[in-house]
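A.B. asks: Need a 3D model of the sequence below.
(one chain, ligands or ions: 3)
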Amino acid sequence: MNNDIEKVLYSEEDIAAACKRLGTQLTEDYKGKTPLIICVLKGAILFMTDVIRDMDIYAEIDFIDVSSYNGGTASSGTIRLLKDLDTDVAGRDILLVEDIIDTGRTLKYLEDLLKDRQANSIKVCTLMDKPSGRVVEAKADYVGFNVPSEFVVGYGLDYEEKYRNLPYVGVLKPSVYSDK
Ligand SMILES: O=P(O)(O)OC[C@H]1O[C@H](OP(=O)(O)OP(=O)(O)O)[C@H](O)[C@@H]1O
Ligand code: HPA
Ligand SMILES: [Mg+2]
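C.D. replies: Ligands and ions are numbered 1, 2, ... in the order given. Model prediction:
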């Protein structure tokens, strides 16, 4: 699997440092509150489990599963809700945790859903932001890295459902795509 990677963009150490920086800021910003931290499956699973360990606050967690890339490198434009939350978000302070914001469609869909359900506040923490990919307006409050205009894999992010278990974020060799 590591052989399929052309270059590493963010190493394990880079990611750990980003989690620490974001966790420290979130600890300060959520002092005295008990937010509901929502992990956006599947991509955000690794980031969420790491960043919450750097947050010294009382918090609850929940999971929502939405998909629009269907394993490929381009957004289908249609968000499918595969698993809903277990928690009632009305009146809650929500921290959405994402792996990447690209076209912005997934984030917009989730923010609309949470507003509709009367969340008290909604903040967004993403490991990566790819502003060059934007199709709809979407903004994160906490960002680990601004990424270049490339399809990235690893640390939760997939190509055809694989590479999520890489401990770093990287770019695939072109041959991985052209071999298909
Ligand atoms: O800003 P966008 O263009 O909407 O892209 C970002 C979303 O796309 C990916 O999810 P995907 O649909 O691939 O599902 P997955 O997390 O299960 O891989 C990623 O994990 C984000 O949730
Ligand atoms: O660059 C990406 N990689 C993996 N999944 C994604 N979903 C949106 N953008 C990406
Ligand atoms: Mg995906």
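A.B. asks: Backbone dihedrals for the closest residue to Y159 other than its chain neighbours, please?
C.D. replies: With sequence-adjacent residues excluded and distances taken as Cβ to Cβ, 6 or more residues apart in numbering, Y159 is closest to V153, at 5.1 Å. In this view, the C-beta of every residue, glycine as well, is placed from N, C-alpha and C. Comment: the main-chain dihedrals of V153 come out as phi -130, psi 170, following degrees, to the nearest 10.
A.B. asks: Hmm, P167 and V153 touching each other?
C.D. replies: No. Counting by Cβ atoms under 8 Å, V153 does not reach P167; the two are 12.0 Å apart.
A.B. asks: mind checking the SS state of the closest residue to P174 other than its chain neighbours?
C.D. replies: Spatial nearest neighbour of P174, chain neighbours left out: E6 (7.5 Å); criterion: Cβ to Cβ, 6+ apart. Counting by DSSP: H, G, I helix; E, B strand; the rest coil, the backbone at E6 sits in strand.
A.B. asks: quick one, what contacts E6?
C.D. replies: 170-174 (Cβ atoms under 8 Å, 6 or more residues apart in numbering).
A.B. asks: Just the buried ones among those, please.
C.D. replies: Of the members of these, the ones counted as buried by neighbours, 16 or more other Cβ atoms under 10 Å, are 170-172.
A.B. asks: Which of those residues sits closest to ligand 1?
C.D. replies: Proximity of the buried ones among the contacts of E6 to ligand 1 was ranked by Cβ to the nearest ligand atom; the top entry is L172 with 14.7 Å.
A.B. asks: pLDDT wise, what is that closest one at?
C.D. replies: In the predicted model, L172 carries a pLDDT score of 97.
A.B. asks: Now do the same contact list for it.
C.D. replies: Counting by Cβ under 8 Å, 6+ apart, L172 touches 4-6, 151, 153, 159, 163.
A.B. asks: more crowded one of V153 and P167?
C.D. replies: Between V153 and P167, counting by other Cβ atoms under 10 Å, V153 is the more crowded of the two (24 against 12).
A.B. asks: Could you report the distance from that one to V66?
C.D. replies: Between V153 and V66 the computed distance is 19 Å (Cβ to Cβ, to the nearest Å).
A.B. asks: Which stretches in the chain count as strands?
C.D. replies: According to DSSP state E, the chain carries its strands in the segments 5-10, 36-41, 60-67, 80-83, 93-101, 121-129, 142-146, 152-153, 169-172.
A.B. asks: Just send those strands back as CSV, with distance to L110 too.
C.D. replies: Output for the strands of the chain, formatted as CSV (distance: least, Cβ to Cβ, whole Å):
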stretch, distance to L110
strand 5-10, 24
strand 36-41, 7
strand 60-67, 7
strand 80-83, 10
strand 93-101, 6
strand 121-129, 9
strand 142-146, 15
strand 152-153, 20
strand 169-172, 22
